[in-house]
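**Student:** After the sequence you'll find the predicted model.
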Amino acid sequence: MNKRTLIGMLVCTALLVGAGLAWGQDVKPGKWWRHSEVSRDLELTRQEQRELDDLYARNRDSLIDIKADLEKERSRLSDVMDREPFNEAAANAQLRRVEEKQQRLTSERMRYLIEVRKILGPERFRTLEGKAVEREEERSGQRPDRKGKRKY
């Protein structure tokens, strides 16, 4: 396998992993439940907000660490790809490490969303997902904003 083929495989892998992560990232990061509009629309109680605060606090440090580890592995992969003479075995091994860290991040994000779903229940979780999709469509210009104007 030549360098060009390997780079093509890396690009395809990145696209597939990104597509797999997309639905797991529908929920806006941060303390979205503290925004008055979201809290009102989901009819969140103070207890549920406290539960979401606790969940966020428990998961924040872990996600930060995993993301940092992933970035380090991506950096190492870049270094391996730039080295001459090119070492295909080293590149494949480093790619596997990147994929493992990416999978760990995906799993951690899904665990978080599962816990959010437990707190909200199925109906409010679907409402939250729908609002996230609407917000993304508004940001990308695919859908009019709340005032009826297209965002481009």
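**Tutor:** Perfect, I can see it now. Keep in mind that what you see is a predicted model, and the values were worked out from it rather than measured.
**Student:** Kindly provide the whole-number mean pLDDT of stretch 116-123.
**Tutor:** Averaged across stretch 116-123, the pLDDT comes to 96.
**Student:** Using CSV, write out every CA atom in that stretch.
**Tutor:** This file holds the C-alpha atoms of stretch 116-123, laid out as CSV (Å, rounded to 0.1, in the frame of the first residue of the first chain):
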residue,chain,number,x,y,z
VAL,A,116,-29.7,12.5,30.2
ARG,A,117,-32.4,10.4,28.6
LYS,A,118,-33.0,8.6,31.9
ILE,A,119,-33.5,12.0,33.6
LEU,A,120,-35.7,13.4,30.9
GLY,A,121,-37.7,10.4,29.9
PRO,A,122,-38.4,9.4,26.3
GLU,A,123,-40.8,12.2,25.2
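**Student:** From the chain's centroid, how far away is that stretch?
**Tutor:** 19 Å (CA atoms, centre = their mean, to the nearest Å).
**Student:** Check which residues of it are buried.
**Tutor:** Within stretch 116-123, the residues scored as buried using 16 or more other CB atoms under 10 Å are 116-117, 119-120. Placement of C-beta: from N, CA and C, glycine included.
**Student:** What of stretch 41-49?
**Tutor:** Those would be 42, 44, 48-49, for stretch 41-49 by 16+ other CB under 10 Å.
**Student:** May I see the buried residues of stretch 116-123 arranged in TSV, with distance to Lys72 and secondary structure as well?
**Tutor:** Output for the buried residues of stretch 116-123, formatted as TSV (distance: CB to CB, whole Å; DSSP: H, G, I helix; E, B strand; the rest coil):
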residue	distance to Lys72	secondary structure
Val116	28	helix
Arg117	31	helix
Ile119	32	helix
Leu120	34	helix
